[in-house]
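*Asks:* Below are the sequence and a predicted model for it; my questions follow.
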Amino acid sequence: MKRVLKGLAWSLPILAGLIQGCAPSDSVREYISDQMNPFTRKHINYALYSMIRDNQSRIYFSLQIPRNEITFAQNGDSYHGSLQLRLQVSKITGTVVLDTTILIARQLKSYEETQQQVFEKIQVGLPLESGGFRVEGLVTDEISGSDYKITTVYTIDPKDYKIQLSSIRFLDSPNFGDVSVTKQLPIGPGREAQISFDIGHSGLDSLDARILLMITRVKSDTVIARPLYGLNPIMGSIETRGYKLTDPLYQFTLLDSSLTLHSTGTLSLNLPFPDTLKLGTYYATLLVKTSVQTYTSRKEVFHVFPETHPYIRNLHDAVSVVRYLATTSEFERIVSGGDSLLKSNFDAFWLNLTEGNPAVAKRKIAQFYERAEEANRFFSGYKPGWRTDLGMTYIVLGPPVMVEWTPTQLTWYYFYRRVGQNIPLIFTPIRVDDVIVGYTFDRFANYEDFWLETRRNWER
């Protein structure tokens with residue numbers, strides 16, 4: 001039987017604050033996003049994410065533009081590139097909560113600089129209530145007149161974990177617009193799913209249709225990540241265990257309704273969601289059946305985590321996370337003796353790690369499990385964030401000093417004291433039906449010294 005962390009003695013003051021759901025501290029770096037949510041249009045990379053701070057949720061928007069995508073006007077011996085961003089944030093219901101224009105300008109001293117990259121970071125801090133929001137951005141090159149537009153649906157989650165579906169698209173119909181399904185669901189009784197989609201069928205004033213929303217649970221990976229440099233038996237399989245949407249466990253119908261669809265407009269429905277939904281990975285498929293044809297959306301993946309997510313409230317979970325610091329023999333000593341000795345063995349590990357200094361041990365515990373909960377917020381996908389490669393790296397190494405993203409890889413840079421410079425850690429996207437659901441680290445043996453040096457830092 002799982003023990004609650006409140007039973008811990010000397011570690012109680014630190015862990016109590018963590019399990020009560022304190023907001024992440026300002027140490028959270030603005031580079032980190034919800035799986036780096038990338039949106040790419042015309043060689044311009046966007047990252048959109050929210051951050052919890054002071055019990056309020058704030059939107060941040062990052063913009064990365066190759067300089068050769070910008071028109072430069074010559075002024076003497078220098079070139080000047082000017083961009084303008086209009087960023088609009090509105091509720092799903094249409095109410096605008098932000099409409100602002102930001103001027104991005106960069107003075108370049110030589111033409112050679114235009115071959116490098118502009119990286120502009122725009123931060124718009126907004127205290128927002130929870131709910132679904134639509135974010136629209138228009139980047140204008142004022143000299144050439146070129147426009148780059150992005151649109152996405154985003155769910156703000158200041159308190160509880162929400163199940164989120166967005167941007168369902170019909171695969172075989174030019175007559176229906178995008179279908180957006182956003183479900184905001186802390187797991188528990190009395191929750192509803194909100195579904196809305198735009199209709200644009202041509203040539204008809206109205207259309208009778210049967211609408212079905214099918215929910216399918218599939219097999220998914222829960223294996224804990226392993227070190228950067230290779231296989232450790234305590235960490236799980238050497239294979240990257242993704243999942244396939246073709247491995248269903250069971251299926252049920254959340255919605256089956258006959259409706260009259262008008263030629264244009266938005267249809268919104270609120271649906272009760274099962275209280276007994278099991279933890280795991282699911283996908284949703286929306287079908288619109290008419291007398292002529294059945295239109296099918298693409299599969300949208302979502303995940304269900306425990307009600308306590310993203311917090312680490314259970315001793316067994318806390319022990320599982322500490323695998324990232326403990327050697328194989330140390331971890332075996334922690335779990336030896338079963339539940340009756342688990343608390344005392346856990347305490348002994350942290351005291352031994354910090355040479356018997358309780359004050360240092362408390363500080364290390366606070367830092368370690370705060371990062372674990374932040375990893376759950378930032379990187380949860382097909383499994384809880386702390387179990388992912390990104391989560392493991394974030395917990396042990398902390399936030400990276402620099403981040404680069406391309407459609408084919410995500411690179412985090414960390415300073416390596418021994419070589420006196422930043423070294424790259426490269427993560428490859430895990431895709432399901434062309435949707436990025438996570439990242440896996442490209443492991444090499446030469447990362448072992450770097451990893452072990454970082455581990456020694458936890459002993460100081």
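*Replies:* Thanks, I have the structure now. Numbering: from 1, shown residues only.
*Asks:* Tell me which stretches of the stretch 351-460 of the chain form strands.
*Replies:* Listed from the start of the chain, the stretch 351-460 of the chain has strands (DSSP state E, counting those that start in this stretch) covering 402-406, 409-416, 421-432, 435-441.
*Asks:* partners of the second one in the sheet?
*Replies:* Looking back up the chat, that one is strand 409-416. If you go by DSSP bridges, strand 409-416 pairs up with strand 402-406 (antiparallel), strand 421-432 (antiparallel).
*Asks:* For Thr216, find the nearest of those.
*Replies:* strand 421-432 (12.9 Å; CB to CB). Glycine gets a C-beta too; all of them are placed from N, C-alpha and C.
*Asks:* Tell me which residues of the closest one come out buried.
*Replies:* Using 16 or more other CB atoms under 10 Å as the test for burial, strand 421-432 gives Leu425, Phe427, Pro429, Ile430, Val432.
*Asks:* Dump these into a markdown table; add pLDDT and distance to Pro400 as well.
*Replies:* As requested, the buried residues of strand 421-432 are exported to a markdown table (pLDDT from 0 to 100; distance: CB to CB, whole Å):
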| residue | pLDDT | distance to Pro400 |
| --- | --- | --- |
| Leu425 | 87 | 8 |
| Phe427 | 87 | 11 |
| Pro429 | 81 | 17 |
| Ile430 | 74 | 19 |
| Val432 | 62 | 25 |
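*Asks:* out of those, what pair is the most spread apart?
*Replies:* Longest distance between any two of the buried residues of strand 421-432 is 23.0 Å, between Leu425 and Val432; criterion CB to CB.
*Asks:* Select, out of the strands of the stretch 351-460 of the chain, the one closest to Phe450.
*Replies:* Distances from Phe450 to each of the strands of the stretch 351-460 of the chain were compared using CB to CB; the shortest belongs to strand 409-416, at 5.5 Å.
*Asks:* quick one on the thing from earlier: can you tell me which of the buried residues of strand 421-432 lies nearest to Thr290?
*Replies:* Comparing these against Thr290 with CB to CB picks out Val432 as the nearest, at 29.0 Å.
*Asks:* among the strands of the stretch 351-460 of the chain, which is nearest Tyr295?
*Replies:* Distances from Tyr295 to each of the strands of the stretch 351-460 of the chain were compared using CB to CB; the shortest belongs to strand 435-441, at 19.8 Å.
*Asks:* pLDDT of the closest one, averaged?
*Replies:* The average pLDDT for strand 435-441 rounds to 74.
*Asks:* go on, stretch 309-318?
*Replies:* Per-residue pLDDT over stretch 309-318 has a mean of 84.
*Asks:* Stretch 343-363 too?
*Replies:* If you average the pLDDT over stretch 343-363, you get 90.
*Asks:* What are the buried residues along it?
*Replies:* Taking 16+ other CB under 10 Å as the criterion, stretch 343-363 shows Lys343, Asn345, Phe346, Asp347, Phe349, Trp350, Leu351, Leu353, Thr354, Val360, Ala361, Lys362 as buried.
*Asks:* Following the chain onward from the helix or strand harbouring Ala209, which element is next?
*Replies:* Secondary structure assigned from DSSP states H and E places Ala209 in strand 206-218. Once strand 206-218 ends, the next helix or strand along the chain (criterion: DSSP H and E) is strand 248-262.
*Asks:* name the helices or strands packed onto that next one?
*Replies:* Identification of packing neighbours for strand 248-262 by 3 or more CB pairs under 8 Å, 6 or more residues apart in numbering; DSSP states H and E yields strand 192-199, strand 206-218, strand 265-272, strand 280-289.
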